[in-house]
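1. Sequence and predicted structure are below.
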Amino acid sequence: MLPLFPLRIPSLARSGQSLLSKFSPSTRPIVPRRFFYGHISDTKMAPQLEPFFKQVDESSETFIDRLRKAVAIPSISAQDENRKDVFRMAQFLADELTALGAEVEQRPLGKQPGKEHLDLPPVVVARYGNDKNKKTILVYGHYDVQPAQKEDGWATEPFELTIDEKGRMYGRGSTDDKGPVLGWVNVIEAHRKAGIELPVNLLCCFEGMEEYGSEGLDDFIQAEAKKYFKDTDAVCISDNYWLGTEKPCLTYGLRGCNYYSVSVSGPAQDLHSGVFGGSAHEPMTDLVTVLSKLVDPQGNILIPGLMDLVAPMTEDEKSLYGNISYTMENLHESLGSETGIHPNKERTLMARWRYPSLSIHGIEGAYSAPGAKTVIPAKVIGKFSIRTVPNMESEDVNKLVFDHIKAEFAKLNSKNKLDVWLQHDGKWWVASPKHWNFSAASKAVQQVFGVEPDMTREGGSIPVTLTFEQATGKNVLLLPMGSSTDAAHSANEKLDRRNYIEGTKLLGAYLHYVAEEPATE
Ligand SMILES: NCC(=O)N[C@@H](Cc1c[nH]cn1)C(=O)O
Ligand SMILES: [Zn+2]
Ligand SMILES: [Zn+2]
């Protein structure tokens, strides 16, 4: 039998045990592969997968149409003026699920903290199936999206799904996270159309504030863990990406995210630079000086003491990186340039997965429109975030950040006023993939894509992952649909048709293999 996972996590590497060896079935008849990526695995076809796959293929245009409708709703959680669209998107999702026979509720989360004139979008929860003899899988995703404007460099309208001749489906939210969320809806529809029973009970939890720090969701999950989510046997989240474009992965770690604002203000209003330039302290000059003390061009964080919070790299851990299917070409392909900092894939992956990074995102109040306005902005707010890793605690990070920024500002001898605060934080998460949840997903990947998945961590953050794990006490698996070239959060975000359709098969196949796994904790 072929090994399921050549990659080993540290504790298993020490014992020399393959990740899932204890869960591997002993007999695996070889089945025909749909795709071939150079390594044929021999996962046994779960019963009823064949008609399910066939139905997904037959319904693919309907599924793309569903994504088209979803992308057309600009559900941008970070922009107040789009809040009604976020609500519209919740309704769309609720209607789709209801039409397929799910029991759906839209749970309100109250007012948005700090913006009490705004209601937080509801959590769309749904139950499909309630059979005590079946496992219950809780799936999470988000229906809000990042902001997008054509002027940001989009080749097409961001909120019109546009499909090119290579099957690349461009549109904001296509890969993050409307495609994967609709993947679950598609799975239900394909089962109904094919007349196949869903092999598990499905609980859905779809939120509308993920791109704004999942406001309100932690409390909701904690409150519902022993109520709405009480039957949960395992959790699955599809909201991250493959490492490259060909090989799927299962993900067992995420970085956290502490997001900060730093404001500098002084003059009572914007000033004429010809009249006041050189005779007044300028907020923008102070701010860019302070921001320049946070990170250097090689990505080194300049905040004293911050790197001391990071768990040291062990030799066992170091040895994991060589085995991952990733190349510098993969990096350059997803960057769309050769501007990577590090010389090799190992250092690149370490920088993404297990070291912190600091990114400067923008400046509010700055003159950013095209043209040459000679203004001195009166108040500017810089925005930056730190991706956190084990063992960084949010409070410790905050203290180091605040102390450093205040100390650097004091050095400027400016009469302006500085303020710095945390917008939101979400903790890092690292789990063991030695669980039937991962074993089922691995078999599903092998069945649909004919290849063993890479075991990865992720540089991005999904703050509720840890909350789900702690509140339900159950295993959480990240099962991505999109690929490394999808450009989530940036201009020309896309999801490849193949990833959407085969990804829908993957989510469905995962549920079938889950149903076959022995029921253990
Ligand atoms: N697909 C996951 C994702 O994009 N997550 C966001 C979460 C976040 C954190 N702070 C603001 N949003 C990410 O940026 O990683
Ligand atoms: Zn996302
Ligand atoms: Zn996102």
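-> On my side now, so go ahead. Ligands and ions are numbered 1, 2, ... in the order given.
2. How confident was the prediction at whichever residue of the stretch 251-400 of the chain sits closest to ligand 1?
-> Across the stretch 251-400 of the chain, no residue is closer to ligand 1 than C257, which sits at 4.0 Å (CB to the nearest ligand atom). Backbone N, C-alpha and C define where each C-beta goes, glycine included. C257 is assigned a pLDDT of 96 by the prediction.
3. and the closest residue to it other than its chain neighbours, how many neighbours does it have?
-> Closest residue in space to C257, ignoring its immediate chain neighbours: S461 at 4.0 Å, by CB to CB, 6 or more residues apart in numbering. As a burial measure, S461 scores 25 neighbours (other CB atoms under 10 Å).
4. can you pull the contacts of S461?
-> By CB atoms under 8 Å, 6 or more residues apart in numbering, the residues touching S461 are L254, R255, G256, C257, R387, G426, W428.
5. Tell me if the fifth one really is in a helix.
-> No. Assigned with DSSP: H, G, I helix; E, B strand; the rest coil, R387 falls outside any helix and is strand.
6. Neighbours of it, how many?
-> Applying other CB under 10 Å, we find 22 residues neighbouring R387.
7. roughly how far apart are it and L254?
-> R387 sits 9 Å away from L254 when distances are taken as CB to CB, to the nearest Å.
8. joint contacts of these two?
-> G460, S461.
9. Okay, the residue nearest to C257 and N323: tell me how far apart.
-> Taken as CB to CB, the span from S461 to N323 is 25 Å.
10. Then K247?
-> Applying CB to CB, the value for K247 to N323 is 12 Å.
11. Neighbour count for those two, which is higher?
-> K247 (22 against 13).
12. Which secondary structure state is assigned to the more buried one?
-> coil.
13. quick one: it and S325 touch, right?
-> Yes. Here K247 reaches S325: they are 5.2 Å apart, a contact under CB atoms under 8 Å.
14. Need the residues touching each of those two.
-> Taking CB under 8 Å, 6+ apart as the contact rule, K247 and S325 both touch D454.
15. For my notes, confirm the residue nearest to C257 occurs in a helix.
-> No. Counting by three-state DSSP, S461 is not found in a helix; it is coil.
16. and it, backbone torsions?
-> Phi and psi for S461, reported as degrees, to the nearest 10, are phi -130, psi 140.
17. quick one: S461 from ligand 1, how far?
-> 4 Å (CB to the nearest ligand atom, to the nearest Å).
18. got it, and H191?
-> 26 Å.
19. I'd like to know how far L349 sits from V200.
-> Applying CB to CB to L349 and V200 gives a distance of 33 Å.
20. And L93, by the same measure?
-> In terms of CB to CB, L93 sits 20 Å off from V200.
21. So between these two, which is more surrounded?
-> Comparing L93 with V200 by other CB under 10 Å, the one with more neighbours is L93, at 27 against 21.
22. The closest residue in space to the more buried one that isn't next to it in sequence bridge partners, please.
-> Nearest residue to L93, sequence neighbours excluded (CB to CB, 6+ apart): V124, at 5.1 Å. Counting by DSSP bridges, V124 forms beta bridges with Q106, F206.
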